[in-house]
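Peer 1: what's the 3D shape of this:
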Amino acid sequence: MKLILSALLLTISAVAIAADKPKPVALFDGKTFDGWDGDTEKTWKIEDGVIVGGSTETTVPRNEFLCTKKSYGDFELKVTFKLTGEKNKNAGIQFRTKRIPNHHEVSGYQADVGQDYWGALYDESRRKKVLAKPDPKVLEKLIKHDDWNEYTIRCEGPKIKLWLNGTLTVDYTEEDDKIERTGIIGLQVHGGAKAKVFYKSVTIEELPAKK
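Peer 2: Numbering: from 1, shown residues only. Model prediction:
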């Protein structure tokens, strides 16, 4: 009887822990731009449940970002995406980011996509440089050109990790305490090329804040 009671208590405890654990939440409902902000007249649209930005027929005139209205701190974000177009096409996923007032640009971290920047962590508009990137030889085996890929982005305190298609490409620790650890999520299409980017299955799991 004691063994049965112990097993029952362990089962109840496991269920309670599982119930308390944060669950991934969809940031895109597949139908509307509810919760998002950006140029939905010219740049961004929804096709067959997918967010689509840019064009392969005309050059994208400038960087454009579709951003969440809500800010996030520590989290694990997953985004499935596809990039098509000219050779110099580029896109990316912003996080812990801020919109620059009265400007189309944003400022913050970016999980980069395209050219030689796949799998890299870039600092958009702030330090304007690659903060960390994977070995090119590793990268060659990961990229699915003109097809669907997935980023997993995990932020916990000063630590940022990026996985491209399930492989860790960046393990970065921010040493500048002045860099903010909260911000919006953004989807980018880069200007300067005939490029089209597709985003779907955008989910986030918020994590307890770490110092």
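
Peer 1: helix or strand with the lowest mean pLDDT in the protein?
Peer 2: helix 2-20 (a mean of 48; mean pLDDT, DSSP states H and E).

Peer 1: and the helix or strand just after it, what does it pack onto?
Peer 2: Sequence order places strand 25-26 as the next helix or strand after helix 2-20, per DSSP states H and E. Applying 3 or more C-beta pairs under 8 Å, 6 or more residues apart in numbering; DSSP states H and E, one finds that strand 25-26 contacts strand 195-206. Glycine gets a C-beta too; all of them are placed from N, C-alpha and C.

Peer 1: what pairs with the strand it packs on, and is each one parallel or antiparallel?
Peer 2: strand 25-26 (antiparallel), strand 50-55 (antiparallel), strand 75-85 (antiparallel) (DSSP bridges).

Peer 1: and those as TSV, adding distance to F198?
Peer 2: Compiled in TSV, the strands paired with strand 195-206 are given as follows (distance: least, C-beta to C-beta, whole Å):
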stretch	distance to F198
strand 25-26	16
strand 50-55	5
strand 75-85	4
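
Peer 1: nearest to D177 among these would be which one?
Peer 2: Ranking those by proximity to D177 (C-beta to C-beta) places strand 75-85 first, at 19.8 Å.

Peer 1: what about the closest one, distance to the chain center?
Peer 2: 6 Å (C-alpha atoms, centre = their mean, to the nearest Å).

Peer 1: enumerate every residue touching the residue most central in space within the chain.
Peer 2: The chain has I93 as the residue nearest its centroid, 4.1 Å off, counting by C-alpha atoms, centre = their mean. Shown in contact with I93 (C-beta atoms under 8 Å, 6 or more residues apart in numbering): 77, 79, 81, 110-111, 113, 151, 153, 185-188.
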